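Colleague: sequence first, predicted coordinates after that:
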Amino acid sequence: MIRTTAVIAATLLATACSDLPVETKPPMQAHVACHSDSLGWTVGKPADEALVKRAQLEASAKFVRVLHPNQVVTMEYSDERLNLHVDDKNIVRSYACG
């Protein structure tokens, strides 16, 4: 029994000292804040899927939401989000990050 315990202990010690593979993980995605300075072209246009996607891409926004009149929304600020404010005919009236 002592001999078995000694063999197990030696094996564990040898394993602990061996070269272990280094854990590799993909790099964390960098935080990119929304920038809406170039989105003036959206005002007065219908907020269709193509416009929303293009505006999100140009603003480097991780998230986008189209806000309709009298729509209830959360008020937390997110610098990764683009807000497109539309009228009752789904025409963009304003835009802002947050």
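Modeller: Now that the structure is in, tell me what you want to look at.

Colleague: measure Phe63 to Gln71 for me?
Modeller: 16 Å (C-beta to C-beta, to the nearest Å). From N, CA and C alone the C-beta is placed, and that goes for glycine too.

Colleague: repeat for Gln56
Modeller: 18 Å.

Colleague: looking at these two, which one has more neighbours?
Modeller: Gln56 (18 against 10; other C-beta atoms under 10 Å).

Colleague: buried stuff in the helix or strand where the more buried one lies?
Modeller: Per DSSP states H and E, Gln56 falls inside helix 49-59. By neighbour count on 16 or more other C-beta atoms under 10 Å, the buried set for helix 49-59 is Leu51, Val52, Ala55, Gln56, Glu58, Ala59.

Colleague: and the next helix or strand past that helix?
Modeller: Following helix 49-59 in sequence, per DSSP H and E, is strand 63-67.

Colleague: list the buried residues for that next one?
Modeller: Counting neighbours by 16+ other C-beta under 10 Å, strand 63-67 gives Val64, Val66, Leu67 as buried.

Colleague: what does the model give Thr24 for pLDDT?
Modeller: What the model reports for Thr24 is a pLDDT of 50.

Colleague: contacting residues for the residue nearest the centre of the chain?
Modeller: Most central in the chain under C-alpha atoms, centre = their mean is Lys62, positioned 4.8 Å from the mean C-alpha point. Counting by C-beta atoms under 8 Å, 6 or more residues apart in numbering, Lys62 makes contact with Val32, Cys34, Glu80, Arg81.

Colleague: thought the second one was touching Arg65?
Modeller: Spelled out, it's Cys34. No - applying C-beta atoms under 8 Å, one finds Cys34 not in contact with Arg65, separated by 11.6 Å.

Colleague: any chance you could list residues touching both of the two?
Modeller: What both Cys34 and Arg65 touch, as defined by C-beta under 8 Å, 6+ apart, is the set Arg81, Leu82.
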